[in-house]
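>>> Just to be clear, the model below is a prediction. Sequence and coordinates:
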Amino acid sequence: MKELLEFLVKALVEEREAVVIEEFEEDENLIYEVTVAEDDLGRVIGKGGRIANAIRTIAKAAAVRLDQRVIVDIID
């Protein structure tokens, strides 16, 4: 899952080396915190949060195979 998120986010940003994804487990939920460079934050969130919501949807669809709930937070 972490690799999937990393692939998606790195495809969107210009500073690929600044992408950091941290994984936590809390109350049987997998939480992923995505950190990008300040200049790339708008690219990852998108207009009206559309891109961020699309990333969350893909992550939730992939999590069905893991039988876990996934939460994706984009840290600003």
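Sure thing, it's come through. Nothing here was measured: the structure is a model prediction, and the numbers come from that model.
>>> neighbouring contacts of stretch 34-53?
Applying Cβ atoms under 8 Å, 6 or more residues apart in numbering, the contact partners of stretch 34-53 are 5, 9, 12-15, 18-22, 54-55, 72-76. Every residue, glycine included, has its C-beta placed from N, CA and C.
>>> Could you rerun that using 7 Å?
5, 9, 12-15, 18-21, 72-76 (Cβ atoms under 7 Å, 6 or more residues apart in numbering).
>>> In helices, which of these appear?
Leu5, Val9, Leu12 (DSSP state H).
>>> ok, and the most crowded of those residues?
Sorting the ones in helices among the contacts of stretch 34-53 by how many neighbours each has (other Cβ atoms under 10 Å) puts Val9 first, at 23 neighbours.
>>> so that one makes contact with Ala18?
No - with contact defined as Cβ atoms under 7 Å, Val9 does not count as touching Ala18 (10.1 Å).
>>> most residues in a single helix of this protein, which one?
Under DSSP H, the chain gives helix 50-63 as its longest helix.
>>> buried ones in it?
Ile51, Ala52, Ile55, Arg56, Ala59, Ala63 (16 or more other Cβ atoms under 10 Å).
>>> Next: stretch 5-24.
Leu5, Glu6, Leu8, Val9, Lys10, Leu12, Val13, Val19, Ile21.
>>> Can you check the pLDDT for the third one?
It stands for Leu8. Predicted confidence (pLDDT) at Leu8: the value is 96.
>>> With adjacent residues omitted, what lies nearest to it?
Ile55 (5.7 Å; Cβ to Cβ, 6 or more residues apart in numbering).
>>> Could you check how far that neighbour is from Lys47?
Computed as Cβ to Cβ, to the nearest Å, the Ile55 to Lys47 distance reads 14 Å.
>>> Put the alpha carbons of stretch 56-64 into CSV.
Output of stretch 56-64 as CSV, limited to C-alpha atoms (Å, rounded to 0.1, in the frame of the first residue of the first chain):
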residue,chain,number,x,y,z
ARG,A,56,-7.9,8.3,-0.9
THR,A,57,-10.4,6.4,-3.0
ILE,A,58,-7.7,4.4,-4.7
ALA,A,59,-6.1,3.6,-1.3
LYS,A,60,-9.5,2.5,0.1
ALA,A,61,-10.1,0.3,-2.9
ALA,A,62,-6.7,-1.3,-2.6
ALA,A,63,-7.3,-1.8,1.2
VAL,A,64,-10.3,-4.0,0.5
